[in-house]
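J.: Predicted model, plus sequence, below.
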Amino acid sequence: MISIIIPLFNQADKIRKCLESILEQSTGNYEVIVIDDCSKDDVASVKKWALEEFGYKIVWERNTNSKGEAYEKNNGAPSARNNGFRKSKGEFLLFCDADIVFVPKALETMIDTLNKNPEASYAYPSHKHGLKLFRIWPFDAEKLKQMPYIHSTALIRREHFPAVGWDEGVKRLQDWDLFLTMLENGHQGIWIDEVLFTIKGGGYTMSYWMPGFAYKLLPFLPKVRKYNGAVAIIKGKHHLE
């Protein structure tokens, strides 16, 4: 079974489309765990709809710490993801942002890929962010040490998910940090050369994205400086510099 874990913070306008795309999947062997991290918008109506549509296949709860104590303010996506993981039961994990919309065969394609490639610890597809295509490329450990290229919405074998979980102290490039940790533990991924989901808005990818030349020729731009600062933090943590 696939555990689909969705951290939620003020995206009531997007998560319904995400959930609708899950309902349309060609396989029904999944559970959905939504962790509401102190949203202030109208998620109650979406929650009511989701509980009716998914029934026993969905859990929708407030974000809590490892002791089960509810947070009084937003604690960040890594915290919500770790909470969802603690509540999950599946042999496979899919950390899904609330603004993602899957194609109908997404889950089936990812699970088939891992079943056919037992040496791989996770499967990551190409995707779109709005109209921008992120086609990615085959897994390359050395390239992963130099740059982030695998989105957090990859299907992960539960037994290979890091014991430390998501680092709740990392504020940016959290997916890069996770897959570097897995690499250090001897776990690698496999690329799926298909677009299996679209990000409809929000998230870190496009907040950082600029044409490649900008990062080399315009290092003084605030967006470039923030990105380079986040890269330096991750490389420092993983002793890559």
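T.: In hand now; what should we look at? Keep in mind it's a predicted model, so treat the numbers as computed, not measured. Numbers count the residues shown, from 1 in each chain.

J.: and the closest residue to Asn74 other than its chain neighbours, how many residues sit next to it?
T.: Excluding its sequence neighbours, the residue lying closest to Asn74 (C-beta to C-beta, 6 or more residues apart in numbering) is Cys38, at 4.7 Å. Glycine gets a C-beta too; all of them are placed from N, C-alpha and C. Neighbourhood size, Cys38 [other C-beta atoms under 10 Å]: 16.

J.: Same question for Asn29.
T.: For Asn29, using other C-beta under 10 Å, the count is 13.

J.: Could you chop the protein up by domain?
T.: 2-205, 210-241 (automatic domain parsing).

J.: Columns mean pLDDT on top of those, output as JSON lines?
T.: Formatted as JSON lines, the domains of the chain follow (pLDDT from 0 to 100):
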{"stretch": "domain 2-205", "mean pLDDT": "94"}
{"stretch": "domain 210-241", "mean pLDDT": "71"}
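
J.: And Glu194, how far from Met110?
T.: 10 Å (C-beta to C-beta, to the nearest Å).

J.: Counting neighbours, go ahead and name the busier of these two.
T.: Met110 (27 against 15).

J.: before we move on, what SS does that one have?
T.: What DSSP: H, G, I helix; E, B strand; the rest coil gives for Met110 is helix.

J.: Now it: closest residue in space, sequence neighbours ignored.
T.: Nearest one to Met110, counting by C-beta to C-beta, 6+ apart, is Leu155 at 4.0 Å.

J.: And for that neighbour, the neighbour number?
T.: 27.

J.: That one touches Ser121, doesn't it?
T.: No: counting by C-beta atoms under 8 Å, Ser121 is not a contact partner of Leu155; they are 9.9 Å apart.

J.: How about the secondary structure of the residue nearest to Asn74?
T.: coil.

J.: how far away is it from Tyr71?
T.: For Cys38, the distance to Tyr71 - C-beta to C-beta - is 6 Å.

J.: still on that earlier bit, quickly list what's touching both of Glu194 and Met110.
T.: Pro125 (C-beta atoms under 8 Å, 6 or more residues apart in numbering).

J.: leaving aside the residues next to it on the chain, what's closest to the residue positioned nearest the centre of the chain?
T.: A centroid search over the chain (C-alpha atoms, centre = their mean) returns Ser152, at 3.0 Å, as the residue closest to the centre. Spatial nearest neighbour of Ser152, excluding adjacent residues (C-beta to C-beta, 6+ apart): Asp175 at 3.8 Å.
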